[in-house]
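Q: A structural model of the following input is requested.
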Amino acid sequence: MSALSKIANATPTGGGNYINDGRYLYFVEKLSYIKGYKGESFIAELRVIEAAASNAVDEQGRPIAPNSVGSTCSMVCNLNQSAAGGNAKAFLIALLAPLGYVEADITEERILEVSDPNANPMRGAAIRNSTYSGINQGRDNPANRGKRITKNAWTAVAQTAEDIKAQRSWLDANATPISPAAVVPAAVAQPIAQSAPVQPTPAAVPAPTGPSPLLARLGVK
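A: Now for the predicted structure:
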């Protein structure tokens with residue numbers, strides 16, 4: 001089984017690295033599929049647009065602060081680990097749902113398409129996340145059994161291809177770090193406390209014929 005097939009054939013789950021507990025709205029900075037000396041990884045680099053604290057506490061009982069607005073954080077899925085494929089797939093389902101894609105469309109070809117380092121087609125796409133706590137089962141490293149881990153519950157944001165283009169332009173104009181007061185495109189500028197999760201109704205996605213329809217819709221050449 002190839003590393004990409006571990007995502008395409010996985011059952012969606014939550015999980016990830018480098019994201020503090022909290023509730024978030026992100027814009028995608030970059031999606032990557034990397035082959036390195038430690039194996040193959042799927043990485044989502046995210047810009048924090050909104051952040052709110054959850055009720056999570058650390059192992060000493062201290063409140064955990066969310067990643068700050070304007071900062072970047074990453075979900076790193078090491079595809080050598082048992083849960084990584086499901087973590088990546090859950091993210092991709094929520095990210096692509098507003099464009100009409102469903103779980104069956106998360107194929108190896110589409111994963112390579114959205115993580116193309118040159119086109120970077122999903123830059124600017126919005127996605128929400130509410131973290132929750134889990135316990136490491138020690139499947140990949142028995143020494144970690146019982147340790148607290150942060151998992152992610154990804155939620156789609158209603159947006160069009162034109163919205164994503166506008167959000168991409170906003171990222172271009174607002175390099176990290178940004179001010180929390182920076183004006184966010186209106187399409188997603190809704191306070192976390194007032195915005196309910198959006199699960200867009202999937203639309204029919206045409207079969208690829210020639211150039212990628214996804215890239216064309218997002219204005220990426």
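Q: burial of the nearest residue to residue 18 once chain neighbours are set aside, as a residue count?
A: The shortest distance from residue 18 to any non-neighbouring residue, by CB to CB, 6 or more residues apart in numbering, is to residue 74 (4.8 Å). (Each C-beta comes from the backbone N, C-alpha and C, glycine too.) Residues lying near residue 74 (other CB atoms under 10 Å) number 16.
Q: how close does residue 74 get to residue 43?
A: To residue 43, residue 74 is 6 Å away according to CB to CB, to the nearest Å.
Q: same thing with residue 36?
A: 10 Å.
Q: Tell me which of these two has more neighbours.
A: residue 43 (20 against 8).
Q: any idea whether the more buried one is helix, strand or coil?
A: Following DSSP: H, G, I helix; E, B strand; the rest coil, the label given to residue 43 is strand.
Q: How about residue 128?
A: strand.
Q: State the pLDDT value of it.
A: If you check residue 128, the pLDDT there is 96.
Q: bridging residues for it?
A: Counting by DSSP bridges, residue 128 forms beta bridges with residue 25, residue 155.
Q: Quick check: it touching residue 154?
A: Yes. When contacts are counted by CB atoms under 8 Å, residue 128 is listed as touching residue 154 (7.2 Å).
Q: May I see the buried residues of stretch 91-100?
A: Across stretch 91-100, burial judged by 16 or more other CB atoms under 10 Å covers 91-100.
Q: Wasn't residue 163 part of a helix?
A: Yes. Residue 163: assigned to a helix according to three-state DSSP.
Q: Against residue 55, how distant is it?
A: 31 Å.
Q: tell me, what's touching residue 74 and residue 43 both at once?
A: Contact criterion CB atoms under 8 Å, 6 or more residues apart in numbering; residues shared by residue 74 and residue 43: none found.
Q: What are the boundaries of the helices in this structure?
A: 3-8, 84-96, 108-114, 161-173, 213-217 (DSSP state H).
Q: Go through the shortest one and flag the buried ones.
A: So that's helix 213-217. For helix 213-217, by 16+ other CB under 10 Å, it's 214, 217.
Q: for the fourth one, same thing?
A: Applying a neighbour-count criterion of 16+ other CB under 10 Å, one finds 161, 163-168, 170-171 buried in helix 161-173.
Q: Nearest to residue 61 among the residues you listed?
A: Residue 61 lies nearest to residue 171 out of the buried residues of helix 161-173, by CB to CB, at 36.9 Å.
Q: circling back to that earlier point, residue 20 is nearest to which of the helices of the chain?
A: helix 84-96 (16.5 Å).
Q: Can I get the closest one in CSV, CA atoms only?
A: Taking C-alpha atoms only, helix 84-96 is exported to CSV below (Å, rounded to 0.1, in the frame of the first residue of the first chain):
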residue,chain,number,x,y,z
ALA,A,84,-2.3,9.6,10.2
GLY,A,85,-4.2,8.7,7.0
GLY,A,86,-7.6,9.2,8.7
ASN,A,87,-6.5,12.5,10.2
ALA,A,88,-5.5,13.8,6.8
LYS,A,89,-8.7,12.5,5.2
ALA,A,90,-11.0,14.1,7.7
PHE,A,91,-9.2,17.5,7.0
LEU,A,92,-9.5,17.1,3.2
ILE,A,93,-13.2,16.1,3.3
ALA,A,94,-14.0,19.3,5.2
LEU,A,95,-11.8,21.5,3.1
LEU,A,96,-13.1,20.3,-0.2
